[in-house]
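Enquirer: predicted model and sequence below, questions to follow.
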Amino acid sequence: MSTRTIAKSIRGYRKIHRYLGLGIALLLVISAITGILLAWKKDVDLLQPPTQKGAQLAIADYQPVEELANVALAAVDSLNLSADNLDRIEYRPTKGIAKVIFDTGSWEVQVDATSLKVLSVAKRHSDWIESLHDGSIVSDFFKLLSMNVLGIGLLFLIVTGFWLWWGPKKIRGLKKNS
C-alpha cells in the first residue's frame, strides 16, 4: 500500500469518524449520565424509595395477590390509577413485603405481605431514568434502533479511531524505509 493511498484513506475516515462521533456523542452522554444515576438508585432515596421491612417473613402467611393489589390501589386512589395501570408486583421475601408498581407515573406502593399494612407510597424516578437510558421512553422501536446505532457506531468509531492512530505511523514507517 502506498503512502498516498493510506493518506487518502485516513482523510476519508477522519471525516466519517468526526461526524459519526458527534452524532453518537449525544446518545453516549445521555446513556452515561443515566447509567451513573441508575448505579446509585439503591443508595439514593430520591431515585428509588428504600425497601421497607414487614412485620413477618413467613411466606406461608402472605396474603393473596388480589388483596395486595386492592390495598395498593386504595393507597393511590387520589392519583386516579386503576388496575389497568398495574405493571408488576414484586415480592421481597427477605423483607416480608410486596412492592406494587404502577406503569403510569412510576408510582410504587410497599405493602406488608402478611398484614396488608401500607408501608410506603412513593415515586420511582429510577423507572423513567431507565427508560430514558435505554431509549424506550420514546418507543420500543426507538430503543431497538438507538441501541443498535449506538453499538454499531461505537464499534465503527473504535476501528476508525485505531486506523487514524495507526495509519500515520505506517506512513512514517514507509517513508523511513524508502
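Expert: Noted; the coordinates are in hand.

Enquirer: can you list the domains in the chain?
Expert: Following automatic domain parsing, one gets these domains for the chain: 1-45+128-178, 49-123.

Enquirer: how about JSON lines for those domains, with mean neighbour count and mean pLDDT added?
Expert: Using the backbone N, CA and C atoms, a C-beta is placed for each residue, glycine as well. Output for the domains of the chain, formatted as JSON lines (neighbours: other C-beta atoms under 10 Å; pLDDT from 0 to 100):
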{"stretch": "domain 1-45+128-178", "mean neighbour count": "14", "mean pLDDT": "92"}
{"stretch": "domain 49-123", "mean neighbour count": "17", "mean pLDDT": "93"}
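
Enquirer: next one: phi and psi at the most centrally placed residue in the chain?
Expert: In the chain, the centroid-proximal residue (C-alpha atoms, centre = their mean) is residue 130; its distance is 3.4 Å. Backbone geometry at residue 130, expressed as degrees, to the nearest 10, gives phi -60, psi -40.

Enquirer: secondary structure element for the residue nearest to it when sequence neighbours are not counted?
Expert: Leaving aside its chain neighbours, residue 130 sits nearest to residue 38 (6.1 Å; criterion: C-beta to C-beta, 6 or more residues apart in numbering). Element membership for residue 38, per DSSP states H and E: helix 3-39.
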